[in-house]
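**Q** sharing a sequence plus its predicted fold:
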Number of protein chains: 2
Amino acid sequence: MSSKSYIVVTGGAGYIGSHTVVELIYHGYNVIAIDNLCNSSYEAIARIEFLVRKSVLFYNIDLRDEKQLSHIFSSYNVQGVLHFSALKAVGESTKIPLDYYDNNIYGSITLLRVMNKHNIKTIVFSSSATVYGDATRFENMIPIPENCPNEPTNPYGKTKYVIENLIKDLQKSDPTWRGAILRYFNPIGAHPSGLIGEDPLNVPNNLLPFLAQVAIGRREKLYVFGNDYESHDGTPIRDYIHVVDLAKGHIAALEYMNSLESDVGLYREWNLGTGKGSTVFDIVNAFSQASGKELPYEIVGRRDGDVLNLTADPSRAKKELNWIATMTVEQACRDLWKWTTENPFGFRVDNYHWKVFNKSQTVDYKNRLHTVKFPDLQVSFANYGALIQDVQYKGQPLVVGFQEFQAYTSDSNPLFGSTVGRYANRISNGSFQIEGKTYELDKNQSGSTLHGGNNAYNRQYFLGPVSKHYQDYNTLEFILLDEDGNNGFPAEVETLVKYTVNNNSIEIEYQSSITENSPNDATAISLTNHSYWNLSSNKTIDGTVFRLASDKYLKTDPKTQLPSGEIISSNEPLTKSVKLSPDVSFDNCFVVDESDFSLDTRKRELKQIAEVSHPSNSIKLSVTSTDPAFQFYTGDNISMDPIKPRAGFCVEAGRYVNAINHASWSKQVLVHKGEVYGSKLKFTFSS
Amino acid sequence: MSSKSYIVVTGGAGYIGSHTVVELIYHGYNVIAIDNLCNSSYEAIARIEFLVRKSVLFYNIDLRDEKQLSHIFSSYNVQGVLHFSALKAVGESTKIPLDYYDNNIYGSITLLRVMNKHNIKTIVFSSSATVYGDATRFENMIPIPENCPNEPTNPYGKTKYVIENLIKDLQKSDPTWRGAILRYFNPIGAHPSGLIGEDPLNVPNNLLPFLAQVAIGRREKLYVFGNDYESHDGTPIRDYIHVVDLAKGHIAALEYMNSLESDVGLYREWNLGTGKGSTVFDIVNAFSQASGKELPYEIVGRRDGDVLNLTADPSRAKKELNWIATMTVEQACRDLWKWTTENPFGFRVDNYHWKVFNKSQTVDYKNRLHTVKFPDLQVSFANYGALIQDVQYKGQPLVVGFQEFQAYTSDSNPLFGSTVGRYANRISNGSFQIEGKTYELDKNQSGSTLHGGNNAYNRQYFLGPVSKHYQDYNTLEFILLDEDGNNGFPAEVETLVKYTVNNNSIEIEYQSSITENSPNDATAISLTNHSYWNLSSNKTIDGTVFRLASDKYLKTDPKTQLPSGEIISSNEPLTKSVKLSPDVSFDNCFVVDESDFSLDTRKRELKQIAEVSHPSNSIKLSVTSTDPAFQFYTGDNISMDPIKPRAGFCVEAGRYVNAINHASWSKQVLVHKGEVYGSKLKFTFSS
């Protein structure tokens, strides 16, 4: 068992669960998210990881599976549980009540049994204002205080009420239990990052998701159920709370429980609401303003069971948990609109699918293989090294790669398809100086540091990807947080690798910078992609015909392959045409630009650096880049049976080799805190 | 799937469940009882079968085992479900609430899911007045009507309330469902037969079981929780209802639902109570009178949550179900006292255990092997033929029998240990006349009928046993209902075989008569036991030494073995001593009494008919009987490899061979409706 302690979050991939996982991590908790994904997507977890720059343990488990659930509690040092997972649609609950009782109640029974068995007795339960039922049936119960009698009027609300009671009864039977019951009012909005939000699988049940679908054009109009209530505009009043505020309420409850004396148990309900009511039209107006859209609506009759006003009295949470909602309905509408426009179909991404890459006994979500598929072009990427595992254009495979994950971890793997970083190519003597301070790196090749050392980007799992579909392209964004001191490099560095794939090209964008929290303020960064291309159907690249953008290259010491500083020209007609044959080898850094040495080259136009074809077929590859140089390598050192030397060639657009150790070149790669390293390169296919 | 339709009764072995199974059968329903036996005993089912003279399908299944439960609904044509099974102790429920929620709620969820899947949508649910909580908190709610608001105050009551709601929600979601919610007040009493009743495993939670244990001496005194209430004697008032009345309420609910138009659904609650309240002291007095005992008690403080008066308003059930409670508290006390005195430790029987006899895939409860064990004597009995399978005295096996059940069904089995009936030994020409009418029987041996024919008692499963333990002996009572016309015999006959075992003897009592409902009014009955004894450790009885009570025997035709009517005497000194050797064979009907030909000989004293020993050890067998004759048989026709001829001898006390066809003997065996055939025989061991 790990000694690190964890908070288990059930329903961690769901709307409120996912936002709470983010807040937990921001507050320093380690999280294990559990979800059966019956009404959510693993995508939410991948995006959380991307957002918080941390991996999140995830288990696709149904709470009712006692054995699997128990295994988690046996394997980790669990500190407490935030219990979100539930079916939650009021209308649906009246149609399939058995499923609601089974999933919600039995799921909770099993969870509590397993917790009890493992002596984990702290739970924050995701309840709902629905347990009050119609609070207007009593005098002076609006705004609703926690001691308002409970009488839920639908199966969903009843299941919540039963679970509250179960926790109450359990706590009474064993006073060492701690149960915090959080009764949500109307959660709205999304994470301000636009990365996570509510993603209703079917017709949205709630006002704002419905409005958002109207605004984005997925639905024609909003139905307003009654405008003859006694509110300022005739529509009913509810208490809408930003989901991030709500998420923070869970942290407050957890910290409240953690602050109790160790022998003190607890059972306590808290309303999580703003205390401020908004009518349906208030919300329509706010969202109309946020989205800049007119939102068509139709007034229809009142719904059964609807009442005028269900606003929370949140004073108990304020007093006891020191928590109040701070975000406005307007903010929630803006965040929802951002989420909606950036993810018009929620977590569903067209042209994209993923599978687990490493076939081990337990599903290893950090190690997935992501495929983007257009009619002509299909590209697969792995989290490991954010590498390109496969490229198929018009059915023809164009890169060298492995079907089995394990091969990528081999010492003989010459970085097939990998992202190369934190520092591509060689650093002389495995050391460099910044402002007079010398940093000694991993020396992994004849006294030099090659491709960032032994535990470089190609050996790390990137977080994400954030996968999105646009009109005619898809994007995948991976992110890596490379530790200060890793391989000897100073500074914690965050690197984003964004792939943009359309029907005939793969663009790669790199963005890298030192994090705010980094203890060191400067480092050297140089990034590229190490795909080995082969346009033929042969096992060798011989016969491939190139035209390069430059015939100038860095002169190197033949022994160390390190540049002298001198730029020389090739005798061969590289800018015209060169055909590879067994006696024609390259491993040279060609120079495209000798003067414009921006750290971030992304604003520059993509410039063609190589055009490649092979007489055996009609496919052409064009490589373009914003960078001042590229390494052209004919793969002569490949030695990974059955893959032979010259099985693929590389066009590694990037910075000058060993630039960090050449005063005049170093601004290409020397990064200070606050500066951004950036570049783009692109592979375009035609036939 | 059987076309016969069934009512599934969950918790069918429990207190109320078992009484309801009895009423269901009395009302013509076929029953499948399900119970996980966590707080009940299969003994209840065996006794129900004994009581109703019918086998009851029983499955030891936990409702939460969806697969097993589903199998039942797939295998039988189920008409509806009476759902009793639940943990039901209020006090316990506050200590282990998780178990209550899990067992009661999750069990019900699973049941309803399985029912839904199989399109069985009729359920009678065993709820409780506990769902009302403290009904005195409202005005005018005593006596409690069904529309009294619900607010259960303990986990047990909450689970009942949740299940009510689940059924209500389910019925609302699918109006073809029919749910009858029966809210019990305080069930008391036991079946008037004394065969079934309440059997609390731990300290009784309810007043009457507790009182009963005080009366029988298992507990010192009753604690009365408060005598300062505003009742006539200061103790609180409850509505006590006889369990048989309660059971009948379920039939009424079932019939109410069956009377609805086929497309009419239902969700409805009915109180099952008497409408009459009794105080604690009223009950103490009634039970004191019924038991004839002073019942010590101690007044202690009020219990939390107790209130003055919780009496039912049962008018809805009266009006709609046409049901009212008809039995008095006094009757309930008498029945409870009978149950208690006849079963002081409920269904727990010392010196007794059973196991399944036939090792098939599903547990076949009708085919069990029952063992009674005293220090010196251990005897095993099977339901099949109510046979004696094994007798061990001081560790030595004394009868021929099989370990494997299948062997007993073999055609070569010479009725080892079996009860022989309806007519032991031969009937000439396989026919007899009663009042001028001739009955033709199964002719299963050279034109005669031997031992009742092919499908005789030895080939049938007896019901029961009712197993009881007394101070120094145990009894096992088996019963068989032999159909009118079976093997050609007229009249439906009910036969009781009662075994009484103590430390050194096995007594067998037979009682047989024509049932009231029998279409025929007279028949022939002759019963005995066909154990094959062997006192040696050898595979042959040779060397065994006998002393018989008589040397007179029925002269028979050597070919047919049928008696001529003449009684003759042996030349050998049988009443002194005869030693068996290979050339000494017997298969003769010895006559003990030539004149006293009662049909029921049980009032006569047991008379020794044979005394047996074997020189190889010190064990002596004495056979005594109340009957006028006995067949002495040296087993020469045994032919069931590896069991050889003369492996055992039989002393079959009973009536004269073929008595039904000899006018002067026939009153030994001719039974008219209203008459009782009876006899006793006994095997006594010493050493």
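**A** That came through, no problem.

**Q** could you list which residues are in contact with A:T10?
**A** If a contact means C-beta atoms under 8 Å, 6 or more residues apart in numbering or on different chains, then A:T10 has A:G17, A:I34, A:D35, A:L63, A:V81, A:L82, A:H83, A:F84, A:S85, A:G107, A:L111 as its contacts. C-beta here means a position set from N, CA and C on the backbone, and glycine is covered the same way.

**Q** and those residues as a markdown table, adding pLDDT, distance to chain B and neighbour count?
**A** Listed next are the contacts of A:T10 as a markdown table, based on pLDDT from 0 to 100; distance: C-beta to the nearest C-beta, whole Å; neighbours: other C-beta atoms under 10 Å in any protein chain shown:
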| residue | pLDDT | distance to chain B | neighbour count |
| --- | --- | --- | --- |
| A:G17 | 98 | 23 | 29 |
| A:I34 | 98 | 19 | 26 |
| A:D35 | 98 | 21 | 27 |
| A:L63 | 97 | 12 | 25 |
| A:V81 | 98 | 15 | 24 |
| A:L82 | 98 | 19 | 31 |
| A:H83 | 98 | 14 | 26 |
| A:F84 | 98 | 19 | 28 |
| A:S85 | 97 | 16 | 28 |
| A:G107 | 98 | 10 | 26 |
| A:L111 | 98 | 10 | 25 |
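
**Q** turn the residues you listed into TSV, including secondary structure.
**A** Converted to TSV, those look like this (DSSP: H, G, I helix; E, B strand; the rest coil):
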residue	secondary structure
A:G17	helix
A:I34	strand
A:D35	strand
A:L63	coil
A:V81	strand
A:L82	strand
A:H83	strand
A:F84	coil
A:S85	coil
A:G107	helix
A:L111	helix
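
**Q** so how far is B:D636 from A:N486?
**A** 97 Å (C-beta to C-beta, to the nearest Å).

**Q** likewise for A:L670?
**A** Per C-beta to C-beta, A:L670 is found 113 Å from B:D636.

**Q** the more surrounded of the two?
**A** For A:L670 versus B:D636, the count of surrounding residues by other C-beta atoms under 10 Å in any protein chain shown is larger for A:L670: 19 against 13.

**Q** residues touching that one, list them.
**A** Contacts here follow C-beta under 8 Å, 6+ apart; on that basis A:L670 touches A:I434, A:A522, A:T523, A:A524, A:L599, A:I660.

**Q** how near is the nearest residue to the fourth one once chain neighbours are set aside to A:E92?
**A** If I follow you right, that is A:A524. What sits nearest to A:A524 in space, not counting adjacent residues and going by C-beta to C-beta, 6 or more residues apart in numbering or on different chains, is A:I660, at 4.1 Å. With the distance defined as C-beta to C-beta, A:I660 ends up 60 Å from A:E92.

**Q** how about the longest helix along chain A and chain B, any contact?
**A** Here the longest helix in chain A is taken by residue count, with DSSP state H as the criterion, and it is helix A:155-173. Yes: judged by C-beta under 8 Å from any C-beta of the partner chain, helix A:155-173 and chain B are in contact via A:P155, A:K158, A:V162, A:N165, A:L166, A:D169, A:L170, A:K172, A:S173.

**Q** any idea how far A:G17 lies from A:R316?
**A** Here A:G17 is placed at a distance of 23 Å from A:R316 (C-beta to C-beta).

**Q** same check, this time on A:N588
**A** As judged by C-beta to C-beta, A:N588 and A:R316 stand 71 Å apart.

**Q** between the two, who's got more neighbours?
**A** When A:N588 is set against A:R316 and neighbours are counted by other C-beta under 10 Å, the residue ahead is A:N588, at 24 against 16.

**Q** beta partners of that one?
**A** Beta-bridge pairing of A:N588, defined through DSSP bridges, involves A:F632.

**Q** quick one: it and chain B, what's the gap?
**A** Using C-beta to the nearest C-beta, to the nearest Å, we find A:N588 at a distance of 68 Å from chain B.

**Q** could I get the contacting residues of that residue?
**A** Taking C-beta under 8 Å, 6+ apart as the test, what A:N588 contacts is A:Y553, A:L554, A:T556, A:Q631, A:F632, A:Y633.

**Q** for chain B, state which of those is nearest.
**A** Looking at the contacts of A:N588 and their distance to chain B, the nearest is A:Y633, at 60.7 Å (C-beta to the nearest C-beta).

**Q** and the closest one, what does it touch?
**A** Contacts of A:Y633 were listed using C-beta under 8 Å, 6+ apart, and they are A:F586, A:D587, A:N588, A:F649, A:C650, A:E652.

**Q** and these, which are buried?
**A** Among the contacts of A:Y633, those that count as buried by neighbour count (16 or more other C-beta atoms under 10 Å in any protein chain shown) are A:F586, A:N588, A:F649, A:C650, A:E652.

**Q** quick check, nearest of those to A:F185?
**A** Nearest to A:F185, judged by C-beta to C-beta, of the buried ones among the contacts of A:Y633 is A:E652 at 55.1 Å.

**Q** wait, is the closest one part of a strand?
**A** Yes: remark: A:E652 belongs to a strand, assigned using three-state DSSP.

**Q** surely it is in contact with A:D627?
**A** No: with contact defined as C-beta atoms under 8 Å, A:E652 does not count as touching A:D627 (9.5 Å).

**Q** for stretch A:530-545, buried residues please.
**A** By neighbour count, with 16+ other C-beta under 10 Å as the criterion, the buried positions of stretch A:530-545 are A:H530, A:S531, A:Y532, A:W533, A:N534, A:L535, A:S536, A:T540, A:I541, A:D542, A:T544.

**Q** which of these fall within helices?
**A** Per DSSP H, those never map to helices.

**Q** quick check: phi and psi at A:K680.
**A** When read as degrees, to the nearest 10, the backbone of A:K680 gives phi -140, psi 140.

**Q** if I pick it, what's in contact with it?
**A** Contacts here follow C-beta under 8 Å, 6+ apart; on that basis A:K680 touches A:E507, A:I508, A:E509, A:Y510, A:T601, A:R602, A:L606, A:S625, A:T626.

**Q** ditto for A:I619
**A** A:Y393, A:K394, A:Q396, A:L398, A:L535, A:S613, A:F685, A:S686, A:S687.
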